[in-house]
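*Asks:* Have a look at this fold, sequence not included:
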């Protein structure tokens, strides 16, 4: 009896081990083509700053882009070309690599089929079947980043304590406010943030009818924009926004700017907030807003000064 019990235990242990083995699959997408998926059908990505067989994603990077770890080598889905290997990370864990490219998940992909990490920072791409590293997409530059000054009257105004902060300067006599929007704090949400905030948790309130100047600065290592758009009534954001989507004239001009901010303002939006309502200041680039890069802008007819404040989602 003991012998049979031991055999049964070994068989059960083997079944559990097989069940725990990571399963990879292939997903077909009408826009992206065929790419690999991992646990629960989640999309797998490659990092173009990795070397073949070596991961360069650790610490905050690995928190945002969890590496695909496995103790056993998964099998490649039927019909998929290429080769899977296990590479060793610095902490001695083993990461799955496809054609030498280490594989990752993106933390904001919630369900099977989500591809919110595609083309982020121009270095993250879905792990396409039969390919190694894709060619980075070209970045369209527009506008004149050197045009950085706002209205002299508003910028040189004496600060008024109510509502003023590191992000807001009020000029009530001129019915104007200067707002500072900084993109790309590198450790927060992998750089997809404004003023260290994501998902509209904070933002600005401005009086209706005031002139609003947004000085935009990009401190990240990729391209970002700052465009004021109507907040979607459905709550669903689009994958990208052109400057023509701006809710006010002047709230979407000359805003696609380079990364690695120089410390000077990279672009200036200048408009009159003449329509009350809730708006978003967001990055119009592919998937940036969907990944949380937006703050709110509320145009309030009852406000007396502009303020930076928290909102309840």
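*Replies:* Thanks, I have the structure now. Not measured: the values here are computed from a predicted model. Numbering: from 1, shown residues only.
*Asks:* For the stretch 201-313 of the chain, which segments count as strands?
*Replies:* Counting by DSSP state E, counting those that start in this stretch, the stretch 201-313 of the chain has strands at residues 202-207, 211-218, 227-230, 267-272, 277-282, 294-300, 307-310.
*Asks:* Can you give me the distance of residue 249 to residue 204?
*Replies:* Noted for residue 249: a distance of 19 Å to residue 204, by Cβ to Cβ, to the nearest Å. From N, CA and C alone the C-beta is placed, and that goes for glycine too.
*Asks:* out of the two, which sits in the more crowded spot?
*Replies:* Neighbours were tallied for residue 249 and for residue 204 using other Cβ atoms under 10 Å; the higher tally belongs to residue 204 (26 against 11).
*Asks:* Quick check: bridge partners of the more buried one?
*Replies:* Using DSSP bridges, the bridge partners assigned to residue 204 are residue 297, residue 308.
*Asks:* Surely it is in contact with residue 305?
*Replies:* No. Here residue 204 lies out of contact with residue 305, judged by Cβ atoms under 8 Å, at a distance of 11.0 Å.
*Asks:* and for stretch 193-200, what are the contacting residues?
*Replies:* Residues outside stretch 193-200 that contact it (Cβ atoms under 8 Å, 6 or more residues apart in numbering): 167, 180-185, 188-189, 192, 202-203, 226, 280-281, 283, 292-296, 308, 311, 313.
*Asks:* Over to stretch 79-95?
*Replies:* With Cβ under 8 Å, 6+ apart as the test, stretch 79-95 has contacts from 24, 26, 34, 36, 53-55, 58, 67-71, 73-76, 96-100, 102-103, 129-130.
*Asks:* and what of stretch 231-245?
*Replies:* With Cβ under 8 Å, 6+ apart as the test, stretch 231-245 has contacts from 142, 225, 227, 229, 252-253, 255-256, 277-280, 282, 284-290, 294, 296.
*Asks:* mind putting the strands of the stretch 201-313 of the chain in JSON lines, distance to residue 243 and mean pLDDT included?
*Replies:* Output for the strands of the stretch 201-313 of the chain, formatted as JSON lines (distance: least, Cβ to Cβ, whole Å; pLDDT from 0 to 100):
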{"stretch": "strand 202-207", "distance to residue 243": "20", "mean pLDDT": "96"}
{"stretch": "strand 211-218", "distance to residue 243": "12", "mean pLDDT": "88"}
{"stretch": "strand 227-230", "distance to residue 243": "6", "mean pLDDT": "96"}
{"stretch": "strand 267-272", "distance to residue 243": "10", "mean pLDDT": "88"}
{"stretch": "strand 277-282", "distance to residue 243": "12", "mean pLDDT": "97"}
{"stretch": "strand 294-300", "distance to residue 243": "15", "mean pLDDT": "97"}
{"stretch": "strand 307-310", "distance to residue 243": "24", "mean pLDDT": "94"}
